[in-house]
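Colleague: How does the following fold in three dimensions:
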Amino acid sequence: MKVFLIILTLFLVPGLKAKATETISTKEIFVGDTFEYNLTFPDSLPEQLIYPEGDFILEGEELPLFSVISAKKDSKNLSLELRFYEAGQFSLPVEWMESGNQKKSDLKLMIKSRLDGRESDIDPNEPPLLFSGTYWYRLVLVLLILFLSLYLIYSLYLMWKRRIKIVDATWQPVANLEKHVQLKNELDSYLNSPQLSSRQLTYLFTSYIKWEFSHKLQAKLHHLTDSEFLSYLYDHYGAEESNLRELRNFFREHKYTEFEIDLNQKDAQRLVASWIEKLKL
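Modeller: Model prediction:
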């Protein structure tokens, strides 16, 4: 009987094939974080292996759900470096052949938002502030003090203005600078700061290029979103798609984040110079 069981085991064990394993490089993933997804096969990579590349956009959407920053393969492993732009639970569109069947990724990725729970101290049922009794007297007093302060400041301004003397009678008022020139001056002035914020730098640069291209292309572009503006440049200006995609990802990552990234003067100037070169300004 023991011999029979041993022989039966020898026949069954080879048929039990180890399955592919899926792992990620971190337990907690937040929107905007970069992490690695690894798919490891027991023997070798299957001939038919499907995985996403570049920006992954769901049908009917304009912005990508996630981006594949890099993809690496060796004899047994597929490694994807990913960054998600939305919170929620997702599965990656990765498929492969396993034991003659089409296998899909069943690893659930939980993407969290850093804003979760920040408003927990706000009570939506809290009654509005009622002004009554002594509150009215305090409000009137505050408004009166504010009015007197503004009146005093305005009076001092008029006195100071009367004391100004024009030295040169031939002086002519300087014409108002156009908006794109004003913004360019503000950007240049900010680039001369010893320490800069990547978010503030991105806001100044996007405002400047929208007005600059509005003037250059004779079109109203300053009211467009960053994505709409870059799409317009691709359609009407002939800018390279790869450069526009790189700028869009950088703007999105640094413009709409609560975390400040400091830049020194040289790095900021080098960064702006590369942007201007890519936009052919």
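Colleague: Contacts made by the strand or helix carrying Met97 with the rest, please.
Modeller: Using DSSP states H and E, Met97 sits in strand 95-98. With C-beta atoms under 8 Å, 6 or more residues apart in numbering as the contact definition, strand 95-98 has outside contacts at 19-20, 39, 41, 46-51, 102-105. (Glycine included, C-beta is placed from N, CA and C.)
Colleague: Which one of those residues sits in the busiest neighbourhood?
Modeller: Leu39 (22 neighbours; other C-beta atoms under 10 Å).
Colleague: related to what we said a few turns ago, partners of the strand holding Met97, with directions?
Modeller: Partners of strand 95-98 in the sheet, by DSSP bridges, are strand 49-50 (antiparallel), strand 101-104 (antiparallel).
Colleague: among the helices and strands of this protein, which one scores worst on average pLDDT?
Modeller: In the chain, the helix or strand scored least confidently by mean pLDDT, DSSP states H and E is helix 2-12, which has a mean of 48.
Colleague: After it, which helix or strand is next?
Modeller: Beyond helix 2-12 on the C-terminal side, the first helix or strand identified by DSSP H and E is strand 21-24.
Colleague: sorry, back to before: tabulate the strands paired with strand 95-98 (TSV), appending mean pLDDT and distance to Leu244.
Modeller: Below are the strands paired with strand 95-98 laid out as TSV (pLDDT from 0 to 100; distance: least, C-beta to C-beta, whole Å):
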stretch	mean pLDDT	distance to Leu244
strand 49-50	90	27
strand 101-104	89	33
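Colleague: residues touching the residue nearest to Val94 when sequence neighbours are not counted, list them.
Modeller: Leaving out its chain neighbours, the residue that sits closest to Val94 by C-beta to C-beta, 6 or more residues apart in numbering is Ser105, at 4.2 Å. By C-beta under 8 Å, 6+ apart, the contact set of Ser105 is 22, 39, 91-95.
Colleague: now those residues as a markdown table including pLDDT and distance to Tyr237?
Modeller: Shown next, in a markdown table, are the contacts of Ser105 (pLDDT from 0 to 100; distance: C-beta to C-beta, whole Å):
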| residue | pLDDT | distance to Tyr237 |
| --- | --- | --- |
| Glu22 | 93 | 43 |
| Leu39 | 91 | 40 |
| Ser91 | 90 | 38 |
| Leu92 | 92 | 35 |
| Pro93 | 93 | 33 |
| Val94 | 92 | 37 |
| Glu95 | 92 | 38 |
